[in-house]
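Engineer: sequence first, then the predicted structure:
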Amino acid sequence: MKNNLKPTHRFEKDISNCGLTGFISKSGQLVEGSVIIKSIALMHDRGNGLGGGFAAYGIYPEFKEFFAFHLMYESGMALQLTEEYLAENFHIDHHEEIPTRRNAAITNPPAFRRYFVKPLETAEYKEAREFQNMTDEDIIVTHVMRINNEIEGAFVVSSGRNMGAFKGVGYPEDIADFFRLEEYSGYIWTAHNRFPTNTPGWWGGAHPFTLLDWSIVHNGEISSYGINKRYLEMYGYLCTMLTDTEVVAYMLDLLIRKHGLTPELASMALAAPFWEKIDSLPKDDRELLTAIRQVYGSGLLNGPFAILFASNEGLIGLNDRVKLRPLVCATKDDFLYMASEEAAIREICSQPDRVWSPRGGEPVIARLNPGVI
Amino acid sequence: MKIDAQGVYYKDLNNQIRSAVSAGAEKIELVNVNGQYFIGDGINLPVTISIKGVPGNDLGAFMNGATIIVHDNAQDNIGNTMNAGKVVVHGHAGDVLGYGMRGGRIHILNDVGYRVGIHMKSYQENKPVLIAGGKAGDFFGEYMAGGVLVLLGMFSDDPEKPVHGYCFGTGMHGGTIFVRGGVDEAKLSREVGVFELTAGDRLELEGYLKEYCRDLKIDLKEVLAEKFVKVLPKSKRPYGDLYCPMPR
């Protein structure tokens, strides 16, 4: 008799994780984009083509005094309104289309432009500086929030000095090809391969998420998103990207830039040890961690995560406190590498000096040597 | 038989391996491996696969009788639901090793990550053994239901780290864990207790270690020079009263 039974299983497994990778040259050696592309492409199957992105530092040395705004436009109207807004508020030293290359893997890309800017001394600017005690960085944050919130179809992809984020819907290697990333060189690179779980796969939702020169790539799920988002709203940060990871970028800006915490202390706030562990520590540590958990209870990130966050200061890797997502680190000379899989590091650094996995909640921090910037 | 895995996609590499196994290969040497997933998965025949390079996740999953020797580090999820056979890693390995493993051996030379030996189990003559020569992360032996875990703490990448992490044996309700040099009782879960080895335990452990030392060219005497302790579950049903207290 003919066997008419249909298979009960799909034997092809969808691997579905999310992958991240990044590295830093502490001495500021510039590395071509092709290197990070090779590393993230090795983990192709951790994503599903619904998001890929990169952050690069040291790529705009000729404009390093200016804030580099990468803008994404979903419509001509969004472009027009944003350019009017920028012209009113900024001195624009230079602006241009972000060079792209069409490829078959990328469908319906929005338009991308970049602007190298400094705030204009408008009445509003003077008011903010003189009477509200705001810095230029604070003023940039206000503008970024306003563009993202108030101009429909316009999104600030990145806004830091001498850095930029490039991201969209596609596999990371296709996004890299689209943005011609092999033409850039930087001393810090991070990359992300997305498998969206419960938020939409759209161009703004790809990683990295950024603010000023902070950029975050994340594998996992921030289940405390609602608490974190409401906490950040009190300080003027508005979440517009429809994705949990966005809160991490703003939280770091708040904790490190605004409140002056060291990256180590900020990591303890994001991935605070359990009370049981805190209680077993010596008095000084116990008091410090108790204070951090009390003050930043709403900043605690709950849920599984491995994140890389970069800035003009350096690169940091951090896991959730019970390590529910993979993170492997390696060093070679003045380079620190971090990735979801050791193979992604070995693909671009075959013989590292040291390879290890950090413990949950234990930040791995590499700072650029003094004088690099 | 030798296969060059340089730049080969994991599906193509595994197809090549499976064809070689069904054609009767007894030894397969994989060179230039880097990150390919699922190597050796579900292989039912007693073939030996040697790997140069870092194999990808889920190495030796559902494996039933093959031997895999990795001459480098390895990644996460080795020996998921493995039934029989052996995986030897001449380096460190990642998280969630031996998940639901129900037979065979996993021998790791250096450190291992989080959740090693999670829900290992045993039945009659099927008794899996996982030995790590370095140190381990948190949740060692989580939900362990059977089999044997051994932690030596000797060949670590990081001399500063403690031998094992927090939540050791969380939810453990079967099987045995042996730890060389003792455990940090403050980091044990409530479900487990620490015991002295019996003469029978010592004999059993020495048998496992003899094989481990032979595979990884380690001096057995040095390994046995330090005292071991045994960690066992206090109850077969640690969560029996979690939602609804039951009569004993």
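Structural biologist: Received it, and whenever you're ready, just let me know what you need.
Engineer: next, count neighbours for residue 30.
Structural biologist: Since no chain was named, I'll use chain A. When neighbours are counted by other Cβ atoms under 10 Å in any protein chain shown, A:Leu30 registers 13. (Glycine included, C-beta is placed from N, CA and C.)
Engineer: should've been chain B
Structural biologist: Using other Cβ under 10 Å, the number of residues around B:Leu30 comes to 25.
Engineer: what's the answer for A:Lys283, then?
Structural biologist: Other residues near A:Lys283 number 7, with proximity taken as other Cβ under 10 Å.
Engineer: list the contacts of it.
Structural biologist: Remark: with contacts taken as Cβ atoms under 8 Å, 6 or more residues apart in numbering or on different chains, A:Lys283 is in contact with nothing.
Engineer: what do you get for A:Asn17?
Structural biologist: Neighbours of A:Asn17 in contact, by Cβ under 8 Å, 6+ apart: A:Arg46, A:Gly47, A:Phe195, A:Asn219, A:Ser340.
Engineer: how far away is the second one from B:Lys11?
Structural biologist: Same thing as A:Gly47. The spacing between A:Gly47 and B:Lys11, counted by Cβ to Cβ, to the nearest Å, is 16 Å.
Engineer: who has more neighbours, those two?
Structural biologist: A direct count of neighbours by other Cβ under 10 Å for A:Gly47 and B:Lys11 places A:Gly47 higher, at 25 against 13.
Engineer: in this structure the more buried one contacts A:Gly19, no?
Structural biologist: Yes - at 6.3 Å, A:Gly47 counts as touching A:Gly19 under the criterion of Cβ atoms under 8 Å.
Engineer: which residues are in contact with both of those two?
Structural biologist: With Cβ under 8 Å, 6+ apart, A:Gly47 and A:Gly19 have common neighbours A:Asn193.
Engineer: now the phi/psi pair for whichever residue of the stretch 51-200 of chain A sits closest to chain B, please.
Structural biologist: Here the residue of the stretch 51-200 of chain A nearest chain B is A:Asn193; by Cβ to the nearest Cβ that distance is 12.9 Å. Torsion angles at A:Asn193 (phi, psi; degrees, to the nearest 10) stand at phi -120, psi 120.
Engineer: which residue is the nearest non-sequential neighbour of it?
Structural biologist: Nearest non-adjacent residue to A:Asn193, counting by Cβ to Cβ, 6 or more residues apart in numbering or on different chains: A:Gly47, 3.5 Å away.
Engineer: next: A:Arg101.
Structural biologist: Computed as Cβ to Cβ, 6+ apart, the closest residue to A:Arg101 that is not its neighbour in sequence is A:Arg180, at 5.4 Å.
Engineer: give me the neighbour count for the one you found.
Structural biologist: Per other Cβ under 10 Å, the neighbour tally for A:Arg180 reads 14.
Engineer: swap in B:Val112?
Structural biologist: B:Val112 has 32 neighbours, counted by other Cβ under 10 Å.
Engineer: again with B:Gly240
Structural biologist: The burial metric for B:Gly240, expressed as a neighbour count using other Cβ under 10 Å, is 13.
Engineer: where's it relative to chain A, distance?
Structural biologist: As judged by Cβ to the nearest Cβ, to the nearest Å, B:Gly240 and chain A stand 23 Å apart.
Engineer: next, that residue: secondary structure please.
Structural biologist: Of the three states, B:Gly240 takes coil under DSSP: H, G, I helix; E, B strand; the rest coil.
Engineer: tell me the SS of B:Arg92?
Structural biologist: In this structure residue B:92 is His, not Arg. Put simply, B:His92 is coil when judged by three-state DSSP.
Engineer: dump the residue contacts of the spatially closest residue to it that is not a sequence neighbour.
Structural biologist: Nearest non-adjacent residue to B:His92, counting by Cβ to Cβ, 6+ apart: B:Asn110, 3.9 Å away. Each residue near B:Asn110 by Cβ under 8 Å, 6+ apart is listed here: B:Asn73, B:Gly91, B:His92, B:Ala93, B:Ala132, B:Gly133, B:Gly134, B:Phe155, B:Ser156, B:Asp157.
Engineer: for the residue nearest to A:Gly201 when sequence neighbours are not counted, what are its contacts?
Structural biologist: Spatial nearest neighbour of A:Gly201, chain neighbours left out: A:Leu50 (3.1 Å); criterion: Cβ to Cβ, 6+ apart. Going by Cβ under 8 Å, 6+ apart, A:Leu50 touches A:Val169, A:Arg194, A:Phe195, A:Pro196, A:Gly201.
Engineer: what sits against B:Gly53?
Structural biologist: Neighbour list for B:Gly53: A:Arg346, B:Ala5, B:Leu30, B:Val31, B:Asn32, B:Val33, B:Asn34, B:Asp72 [criterion: Cβ under 8 Å, 6+ apart].
Engineer: now for the host helix or strand of A:Glu127, which elements pack on it?
Structural biologist: Element membership for A:Glu127, per DSSP states H and E: helix A:123-131. Judged by 3 or more Cβ pairs under 8 Å, 6 or more residues apart in numbering or on different chains; DSSP states H and E, the packing partners of helix A:123-131 are helix A:136-150.
Engineer: next, the buried residues of the helix it packs on.
Structural biologist: For helix A:136-150, a neighbour-count test (16 or more other Cβ atoms under 10 Å in any protein chain shown) marks A:Glu137, A:Asp138, A:Ile139, A:Ile140, A:Val141, A:Thr142, A:His143, A:Val144, A:Met145, A:Ile147, A:Asn148 as buried.
Engineer: who touches A:Gly51 in this structure?
Structural biologist: Going by Cβ under 8 Å, 6+ apart, A:Gly51 touches A:167-170, A:192-196, A:201, A:205-207.
Engineer: for it, which non-adjacent residue is spatially closest?
Structural biologist: Spatial nearest neighbour of A:Gly51, excluding adjacent residues (Cβ to Cβ, 6+ apart): A:Arg194 at 2.8 Å.
Engineer: with A:Arg46 instead?
Structural biologist: Excluding the flanking residues, the one nearest A:Arg46 by Cβ to Cβ, 6+ apart is A:Gly19, at 3.4 Å.
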